[in-house]
Structures are given as structure tokens and as C-alpha cells.
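1. Here is the input, now give the coordinates:
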Amino acid sequence: MFTPYYRAWLPAWRGDPLGTPRKIRLPDGAVTKPPASTQGASIVPGGETAGAALARRFITNGLGGYGHDDLGAEGTSRLSPYIHFGCVSPRALAVRAREKRGVAFVRQLCWRDFYAQVMWGQPQTATEDLRPRGDRWVDDEEKLGAWQEGRTGYPLVDAGMRQLREEGWMHNRARLVVASFLVKDLGIDWREGARHFFDLLLDGDMAQNIGNWQWVAGTGVDTRPNRVFNPTAQLKRLDPHGEYVKRYIPELEHVPPAALAEPGLLARDYPAPIVDHADAVRAFRERRGSISG
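-> Numbers count the residues shown, from 1 in each chain. I've put the predicted structure just below:
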């Protein structure tokens, strides 16, 4: 469980990290290869210099407004690719953020360590359920493709998937919604989602990606395994003015914000919903053998 881990994690480290090493030597036999996908590379400059500059700007100017619940505001740090590739030290970030009382951001850094420790203790969870639920996953290539391409007919889901394709990154709250839709609306195996994310994410860390997918699927550390994120309700909560959705779905640019929460009644060139959310969730819970959650 995360909260007890967080309480133990907070006092476990003190002071500044070690200084910058003078020289870094690659292990013998190590070779460099081009990434599986260059998606997003053109808009995210790589390297330690760029990462350190972004970290300084965020700690100085962005930490006070850091938040997860407004997709249109771009209130996240955007540091995850730099942390993933070792360009920025997560411990250094935690020290500086804690000095500035950035509790919410420090907590998110703890999630990174938490998932790493879960995978260290349970390495089989890279491909197997941490807590099997007896799921009977649906095999539907057409619906999987619609999800991957951002044409499910649910604006928040489609905006998130198009952001992933365009930028190699996605807002954390959007990640939860699109993952819930794949697993609990479409009934498709979480491993298909994790695989697609790995193909495109610039910050595709094994432990975090798998940990979050299993959390959403209810096969991981979530204490409410049948939790479902309603894509329409989440749109109203996370993007009430439609800024995020319209940024990635230009065909909905002229649709009034309130109308975005009416799937099936949108622009002519935007797809109708591929499933009815209420019916899909009911079917999911029947497959799970539960009506709770």
C-alpha cells in the first residue's frame, strides 16, 4: 500500500545528493541504439543541460502551481523523460521541492520509488498480474486500433491518445482515463495498453508503466480493483472548458464545451462512441463477478 510506504519514505533520506561525477564510463559491451520510436523527439530537447534548466524553472516558477486536475493548464513539471533517462536526479528534485514545501510534487516522486520497489520484490509483475482477478479479456483488434488512434468517440480518451502519438507523453490524469477505458470499457488486456505506451512514451519506465497499468486494471496495488473512470464525468472535472480536448482534436474546435460531454452528438467528422460506457462497465463487472467498486 502506498500511504504507509510514503510515511516511511519521507524520513528515510536527508541532505543533498552526491555531486556531479567527473567522468561516466559505460559498462563493457554496452552499445547505443536508436529508440524504437522517435515520436515526440522533435519537441523535447534531450540531455542533462536541458533537463537541469527545466528543473530549475519548475522549482522556481512552477512548483507553487503544480497540480493534476486541470488538463488545460499544463500544470505538470514535464520532467519525467529527463528523470527516466537519468538527465535529472529524482532525489535532487525531491530535496529542492521539499525545501519549497512542494508536498504534492514530492509525493509523486515517491510513487516512482514505490513502483520500483514493488517490481524489485515482484519481478514477475512485468508480465503477470500482481493480484490475479480471473479476468477473461476481450480480443478485439478493431476496438484496440480505435483506442490506439484516438477515435473512440469519447473526447477525453481520444485527446489523450492523440497527445501520446504526437508528443510521446501524456498528462497523468489522462493516462488513468485512457487506461481505464481500454481495460474496463473495452475489456482488453492491460498488457496491450502497456505495450502501446512503451512504443510511444519518452518516459516509458518499466516499473512505473506496469505499476500504473496494473493499478488501473485492478490487478495491482489499488485497493478498489473495480474502480472505473467515467470518461464523460472526468472530462467535466478535468477539462471543463475543453481546452485540452480541442488542443488535440481539431475537428471539435468549434463545439461548445458543454456539448463535449455528449458523446455521439458532436462534429460530423468525429466518430460515434464505439461502446456505451454504462453498458460496458456493467459487462466488465459481470465478468469480474462483482457489482461493487
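2. Quick one: low-confidence residue ranges for the stretch 151-293 of the chain.
-> 290-293 (pLDDT under 70).
3. So this protein: which segments form each domain?
-> Using automatic domain parsing, the domain parsing of the chain gives 2-126, 141-288.
4. Start and end of the shortest one, how far apart?
-> Domain 2-126 has an end-to-end distance of 19 Å (CA to CA, to the nearest Å).
5. Of all the residues in stretch 94-104, which ones are buried?
-> For stretch 94-104, the neighbour count (16 or more other CB atoms under 10 Å) marks 94-97, 102 as buried. Yep, even glycine has a C-beta here, placed from its N, CA and C like the rest.
6. What of stretch 119-126?
-> By neighbour count on 16+ other CB under 10 Å, the buried set for stretch 119-126 is 119, 125.
7. What lies in contact with that stretch?
-> Stretch 119-126 is contacted by residues 118, 130, 206-207, 210-211, 214, 220 when judged by CB atoms under 8 Å, 6 or more residues apart in numbering.
8. how long is that stretch end to end?
-> Using CA to CA, the end-to-end distance of stretch 119-126 comes to 7 Å.
9. For it, the averaged confidence score.
-> For stretch 119-126, mean pLDDT rounds to 96.
10. Show me what the helix or strand hosting Arg247 is packed up against.
-> Using DSSP states H and E, Arg247 maps to helix 243-248. Packing partners of helix 243-248 (3 or more CB pairs under 8 Å, 6 or more residues apart in numbering; DSSP states H and E): helix 155-167.
11. re the thing from before, for the helix holding Arg247, which positions count as buried?
-> Within helix 243-248, the residues that count as buried by 16+ other CB under 10 Å are 244-248.
12. continuing past the longest helix anywhere in the chain, what's the next helix or strand?
-> For the chain, the helix reaching the highest residue count under DSSP state H is reported as helix 103-121. As assigned by DSSP H and E, the chain's next helix or strand after helix 103-121 is helix 141-149.
13. And the average pLDDT for that following helix is what?
-> Mean per-residue pLDDT for helix 141-149: 98.
14. just the CA coordinates of it, formatted as PDB?
-> Provided in PDB are the C-alpha atoms of helix 141-149 (Å, rounded to 0.1, in the frame of the first residue of the first chain):
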ATOM      1  CA  GLU A 141      -8.400  -5.700 -32.800                       C
ATOM      2  CA  GLU A 142     -10.800  -3.200 -34.300                       C
ATOM      3  CA  LYS A 143     -11.600  -1.500 -31.000                       C
ATOM      4  CA  LEU A 144      -7.900  -1.800 -29.900                       C
ATOM      5  CA  GLY A 145      -7.000   0.100 -33.000                       C
ATOM      6  CA  ALA A 146      -9.600   2.800 -32.400                       C
ATOM      7  CA  TRP A 147      -8.200   3.300 -28.900                       C
ATOM      8  CA  GLN A 148      -4.600   3.500 -30.200                       C
ATOM      9  CA  GLU A 149      -5.500   6.000 -32.900                       C
END
